[in-house]
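Trainee: sequence and predicted structure, then a few things I'm wondering about:
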Amino acid sequence: MAGGLVALLDDVAALARLAAASIDDVGAATGKATAKAAGVVIDDTAVTPQYVRGLAAERELPIVRRIAVGSLRNKLIIILPIALLLSQFLPWLLTPILMVGGAYLSYEAAHKIWGAISGHGAHDHEEDGPRDEDTVVAGAVRTDLILSAEIMVIALDTIASEGFWSRLIILAVVAVVITVVVYGVVGLIVKMDDIGLRLADTSSGIAQTVGRGLVRGMPKVMSVLSVVGTAAMLWVGGHILLVGIDELGFHPLYELVHHAEEAVHGVGGIGGVLAWIVNTLFSALLGLIVGSIVVAVLAGIARLRGRRSGSVGAQH
């Protein structure tokens, strides 16, 4: 009986070691997946602050919180189960779905660019007055859906060899960690001017100087982030399309970018940076082209609808 108890304890110890090893594996895989998606996380962080520009200061954090909740809902309720099921049963569908998202991001960025160039939309916030919070949040969560899908699919690709339940746990952890990091940073960015005002009211001369600098500098920082956010949407959207076109069987475009990267990769010391810049520029250019085509098509459709409704109105 004592021997049986010892054997049972040995089995329990073995199971405990196996469980600990599994937790370690999941933790390592989670870290790897999160790091692989870091590039898109930076884009997400740059894109989001533009949605609270021009809103009342006391509403900035509540809106960021609502967007964060929507982002987490996107990742856990929509993207995670769809990505897992598709990767399990219809893996070939992931690329076309991502490409639709890439085209949408490219359209959003191109629409902003052409609106600024033509003068339409350059002063939207001022002309329209206070923006409706629900509209702001809905727009931000829509854009986040695409960026979150890219993050989750990149993470999923990194852990493709893991079992189904391990993938589920890892992706859930990645979703929570990335959402907390991104929207924590966004909240800090949008409240930095308020922090500056608090510092400017203190008795410390250094703190006052730093506070006044923050107050003066944050509007410029927010403007720069708005530009960076638009550029990030072009880059991410274009890169999704570039990789997707290659995976669907049309290789010349991706090979052209790859050869251009190789041409600069050998430059001593900065070859890796130059290769990244080349890939980014090509991706952004592709995003601008595709986005502009979508803008033109939708504008044409809108004009046709306007003419038809006008002719119908004239008949009546």
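Mentor: Yep, it's here.
Trainee: tell me where the stretch 201-316 of the chain has helices.
Mentor: Along the stretch 201-316 of the chain, the stretches classed as helices by DSSP state H, counting those that start in this stretch are 205-247, 252-265, 271-315.
Trainee: chain center to the shortest one, what's the gap?
Mentor: Using CA atoms, centre = their mean, to the nearest Å, the distance from the centre of helix 252-265 to the centre of the chain it belongs to is 25 Å.
Trainee: next: the last one.
Mentor: Using CA atoms, centre = their mean, we find the averaged C-alpha position of helix 271-315 to lie 20 Å away from the chain's own average C-alpha position.
Trainee: can you give me the mean pLDDT across that helix?
Mentor: In this model, helix 271-315 carries a mean pLDDT of 86.
Trainee: what's the angle between it and helix 205-247?
Mentor: Relative orientation of helix 271-315 and helix 205-247, computed by axes from the mean of the first three to the mean of the last three CA atoms, to 10 degrees: 80 degrees.
Trainee: what is the orientation angle of helix 271-315 with helix 252-265?
Mentor: 150 degrees.
Trainee: show me what helix 271-315 is packed up against.
Mentor: Secondary-structure packing of helix 271-315 (3 or more CB pairs under 8 Å, 6 or more residues apart in numbering; DSSP states H and E): helix 94-118, helix 205-247, helix 252-265. (Each C-beta comes from the backbone N, C-alpha and C, glycine too.)
Trainee: any chance of those helices in TSV, plus distance to residue 181 and mean pLDDT?
Mentor: Putting these into TSV (distance: least, CB to CB, whole Å; pLDDT from 0 to 100) gives the following:
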stretch	distance to residue 181	mean pLDDT
helix 94-118	21	87
helix 205-247	16	84
helix 252-265	29	92
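Trainee: just name the most buried of the helices of the stretch 201-316 of the chain.
Mentor: helix 205-247 (a mean of 18; mean count of other CB atoms under 10 Å).
Trainee: tell me how far residue 275 lies from residue 291.
Mentor: The gap separating residue 275 from residue 291 is 24 Å, by CB to CB, to the nearest Å.
Trainee: residues near residue 187, how many?
Mentor: 20 (other CB atoms under 10 Å).
Trainee: dump the residue contacts of it.
Mentor: 61, 64-65 (CB atoms under 8 Å, 6 or more residues apart in numbering).
Trainee: list buried residues within those residues.
Mentor: Buried by 16 or more other CB atoms under 10 Å: residue 64, out of those.
Trainee: just give me the closest of the contacts of residue 187 to residue 229.
Mentor: Comparing the contacts of residue 187 against residue 229 with CB to CB places residue 64 closest, at 14.3 Å.
Trainee: could you find the closest non-adjacent residue to the closest one?
Mentor: Closest residue to residue 64 apart from its sequence neighbours, by CB to CB, 6 or more residues apart in numbering: residue 187 at 4.9 Å.
Trainee: can you check the pLDDT for the one you found?
Mentor: 85.
Trainee: what helix or strand does it sit in?
Mentor: Using DSSP states H and E, the element containing residue 187 is helix 164-190.
Trainee: which residues are contacting the helix or strand following that helix?
Mentor: Downstream of helix 164-190, the first helix or strand assigned by DSSP H and E is helix 192-200. Contact with helix 192-200 is made by 57, 207-208, 210-215, 218-219, 221, as judged by CB under 8 Å, 6+ apart.
Trainee: including distance to residue 200, could the residues you listed go into CSV?
Mentor: Compiled in CSV, the contacts of helix 192-200 are given as follows (distance: CB to CB, whole Å):
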residue, distance to residue 200
57, 15
207, 8
208, 5
210, 8
211, 3
212, 5
213, 9
214, 8
215, 6
218, 12
219, 15
221, 17
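Trainee: tell me which of the residues you listed is nearest to residue 92?
Mentor: Among those, residue 221 lies closest to residue 92 (CB to CB), at 42.7 Å.
Trainee: how much space between the closest one and residue 189?
Mentor: 7 Å.
Trainee: and if you look at residue 142?
Mentor: Distance, residue 142 to residue 189, using CB to CB: 21 Å.
Trainee: neighbour count: these two, which is higher?
Mentor: Set residue 142 next to residue 189 and count neighbours by other CB under 10 Å: residue 189 wins out with 20 against 13.
Trainee: what sits against the more buried one?
Mentor: 49, 221-222, 225.
Trainee: what is the neighbour count of the closest residue in space to residue 244 that isn't next to it in sequence?
Mentor: Nearest non-adjacent residue to residue 244, counting by CB to CB, 6+ apart: residue 99, 4.0 Å away. Using other CB under 10 Å, the number of residues around residue 99 comes to 20.
Trainee: same thing with the one 3 residues further on?
Mentor: Look at residue 102: counted by other CB under 10 Å, it has 29 neighbours.
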